[in-house]
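**Student:** 3D model of this:
(one chain, ligands or ions: 1)
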Amino acid sequence: MDGTQNALLVPSTTDTPLLQVTGLTRLYGARIGCADVSFDLWPGEVLGIVGESGSGKSTLLSCLAGHQRPDAGQILFDGTDVLALSEADRRRLLRGDWAYVHQNPRDGLRMGVSAGGNVGERLMGVGGRHYGRIRDTATDWLGRVEIAAERIDDRPSAFSGGMQQRLQIARNLVTGPRLVFMDEPTGGLDVSVQARLLDLLRGLVREMGLSVIIVTHDLAVVRLLADRLMVMKSGHVVEAGLTDQVLDDPQHAYTQLLVSSVLQV
Ligand SMILES: Nc1ncnc2c1ncn2[C@@H]1O[C@H](COP(=O)(O)OP(=O)(O)OP(=O)(O)O)[C@@H](O)[C@H]1O
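**Tutor:** Reported below is the predicted structural model:
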């Protein structure tokens, strides 16, 4: 992808991509998970990855986030070769600078720990020790994701699906991560709950100037959140560009099919 073109989109002062991905490939035996994926992500940019089920979105995201190791390719985060990091350094990255919002909040929360504990734990992971301050920050973050302060000692299992997802978002964003991975963050929720969550996410992304890679099969989600899109089919990126450009004037036959199938619904 052309770095010169992307640089025009970036509100940040830096002229180095936050993430540089080159030739990323993950195979499952003879089956392609994702193949030869390359892109740059600039600070403050939201990149949407779309495609039908089985197109390789989750495989790509999990390789990027270090949940599984690619067979080939390079990932540079702020110039650092992520695949060459020691396990301890990779974990440190995942605790603070990186965040991962799972589709199912249960995968991203500790269900046996209170709401405040879920948020506070992440602060402690980056060195927070002052209990009072951690609780104040957790309370503040619960408010930011529209969870009443009096629910701070409740466990997530007592929350609705939408509340659990908002709590997972608070837990992830409390450390001010430099890069946020999101896997279908609004999937599995009722339509009205999805709309509210999307609104909240859009506000936080803008307010915090977050750099985000978001995987979804829902084009409405990327229309609202993403600056740029990559369209995947059978593990390959078939089209990439500005979100409005790709959705309003799709060039690849597969993207045209994706867009028109949504319009027909
Ligand atoms: N653990 C695995 N073992 C074998 N094949 C896998 C595995 N995970 C994914 N695949 C295969 O890799 C390809 C890409 O799958 P992937 O789950 O990344 O796609 P996806 O676009 O995220 O789909 P979905 O939206 O359904 O999650 C598919 O052909 C899938 O069958």
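**Student:** Asp107: how many residues sit nearby?
**Tutor:** Residues contacting Asp107 under the criterion other CB atoms under 10 Å number 11. Where you see a C-beta, it was placed from the backbone N, CA and C, and this is true even at glycine.
**Student:** tell me which element it falls in.
**Tutor:** Assigned by DSSP states H and E, Asp107 falls within helix 105-108.
**Student:** how about the strands in this protein?
**Tutor:** Taking DSSP state E, the strands of the chain run over residues 19-28, 31-41, 46-50, 72-77, 80-81, 98-101, 179-183, 212-215, 228-233, 236-242.
**Student:** Would you mind listing the residues in contact with the residue of the stretch 151-265 of the chain found nearest the ligand?
**Tutor:** Taking CB to the nearest ligand atom, the ligand has its nearest neighbour within the stretch 151-265 of the chain at His217, 5.6 Å off. By CB atoms under 8 Å, 6 or more residues apart in numbering, the contact set of His217 is Val50, Gly51, Glu52, Ser53, Lys57, Glu184.
**Student:** Quick check: it vs Arg135, distance?
**Tutor:** Going from His217 to Arg135 by CB to CB, to the nearest Å gives 38 Å.
**Student:** go on, Ala35?
**Tutor:** Note on Ala35: its distance to Arg135, by CB to CB, is 47 Å.
**Student:** higher neighbour count, these two?
**Tutor:** Between Ala35 and Arg135, counted using other CB under 10 Å, the more crowded position is Ala35 (21 against 16).
**Student:** Out of the contacts of His217, which is nearest to Asp107?
**Tutor:** Looking at the contacts of His217 and their distance to Asp107, the nearest is Glu184, at 11.3 Å (CB to CB).
**Student:** Please verify my assumption that the closest one contacts Pro105.
**Tutor:** No - with contacts counted by CB atoms under 8 Å, Glu184 stays clear of Pro105, the gap being 11.6 Å.
**Student:** okay, those two: which has more neighbours?
**Tutor:** Pro105 (25 against 20).
**Student:** Identify the spatial nearest neighbour of the more buried one, chain neighbours not counted.
**Tutor:** Of all residues not flanking Pro105 in the chain, Gln164 sits nearest, at 3.7 Å (CB to CB, 6 or more residues apart in numbering).
**Student:** again with Ile32
**Tutor:** Excluding its sequence neighbours, the residue lying closest to Ile32 (CB to CB, 6+ apart) is Gly235, at 3.8 Å.
**Student:** wait, what's in contact with that neighbour?
**Tutor:** Residues in contact with Gly235 (CB under 8 Å, 6+ apart) are Ile32, Gly33, Cys34, Ala35, Ser55, Gly56, Thr59.
**Student:** what do you get for Thr139?
**Tutor:** Contacts for Thr139 (CB under 8 Å, 6+ apart) come out as Gly116, Ala149, Ile152.
**Student:** Format the residues you listed as CSV; extra columns: distance to the ligand and pLDDT.
**Tutor:** Converted to CSV, the contacts of Thr139 look like this (distance: CB to the nearest ligand atom, whole Å; pLDDT from 0 to 100):
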residue, distance to the ligand, pLDDT
Gly116, 32, 96
Ala149, 36, 95
Ile152, 34, 96
